[in-house]
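Colleague: structure, please.
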Amino acid sequence: MSKGPAKGKGRGGPAKGKGKGPATGYSWSQFEVTHGARSPALVEPRARELAPEVLEANAHLDAARDGAAVFRYAVTLARVERVYRWLSEQDDAVFVDEEAGKPHGVFERLEKWETQADRAEERLAIAPLTRAKLGLQRVRGEALVEHLRRVYGGES
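Modeller: Coordinates of the predicted model:
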């Protein structure tokens with residue numbers, strides 16, 4: 001009676017050796033060196049460049065109030081940017097082994113980071129649809145204020 005697949009490198013169980021991830025036999029530091037998207041030393045400087053640009057491009061955001069969320073978003077953008085740069089430098093930007101149909105392993109993580117960025121854009125009200133809704137709410141609010149001024153008097 002079998003208790004499941006054999007454990008070890010490439011067999012669905014933990015790989016042997018200190019600091020090794022499950023089934024791959026690679027350490028996280030190897031991934032950091034590969035594309036750099038998990039390396040704070042490589043990602044955070046770029047995030048520090050991106051965060052002020054996000055704040056500047058979105059006047060409704062406040063550095064004191066929204067700075068932490070904007071920085072987390074910028075870290076995610078920096079990771080995605082590094083992965084796309086790394087993929088563009090590969091012989092094949094999609095497949096590690098085209099004949100076997102094996103894509104680069106980073107695609108699963110890239111999809112998660114892109115989803116994370118999408119959610120952050122919605123929460124920060126910087127996604128196009130969210131910005132449009134925010135603009136409509138502002139227009140409605142301004143129209144309501146103007147209506148109340150006309151009806152009840154007050155400053156114009």
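
Colleague: need the helices for this protein, in chain order.
Modeller: For the chain, the helices defined by DSSP state H cover 28-34, 40-57, 63-88, 106-123, 128-152.

Colleague: okay, now the unreliable bits of this protein?
Modeller: 1-33, 155-156 (pLDDT under 70).

Colleague: hmm, try it at 80
Modeller: 1-33, 136, 138, 154-156 (pLDDT under 80).

Colleague: Ala100: which of the helices of the chain is closest?
Modeller: helix 106-123 (15.0 Å; C-beta to C-beta). (Glycine included, C-beta is placed from N, CA and C.)

Colleague: that older thread, export the helices of the chain to CSV and tack on mean neighbour count and distance to Val94?
Modeller: Shown next, in CSV, are the helices of the chain (neighbours: other C-beta atoms under 10 Å; distance: least, C-beta to C-beta, whole Å):
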stretch, mean neighbour count, distance to Val94
helix 28-34, 14, 16
helix 40-57, 15, 23
helix 63-88, 18, 8
helix 106-123, 15, 8
helix 128-152, 11, 27
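
Colleague: for these, give me JSON lines that also has distance to Glu98.
Modeller: Output for those, formatted as JSON lines (distance: least, C-beta to C-beta, whole Å):
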{"stretch": "helix 28-34", "distance to Glu98": "19"}
{"stretch": "helix 40-57", "distance to Glu98": "28"}
{"stretch": "helix 63-88", "distance to Glu98": "14"}
{"stretch": "helix 106-123", "distance to Glu98": "14"}
{"stretch": "helix 128-152", "distance to Glu98": "35"}
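
Colleague: quick one: which of those is nearest Asp97?
Modeller: helix 106-123 (13.6 Å).

Colleague: and that closest one with helix 63-88, angle?
Modeller: Interaxial angle, helix 106-123 versus helix 63-88 (axes from the mean of the first three to the mean of the last three C-alpha atoms, to 10 degrees): 150 degrees.
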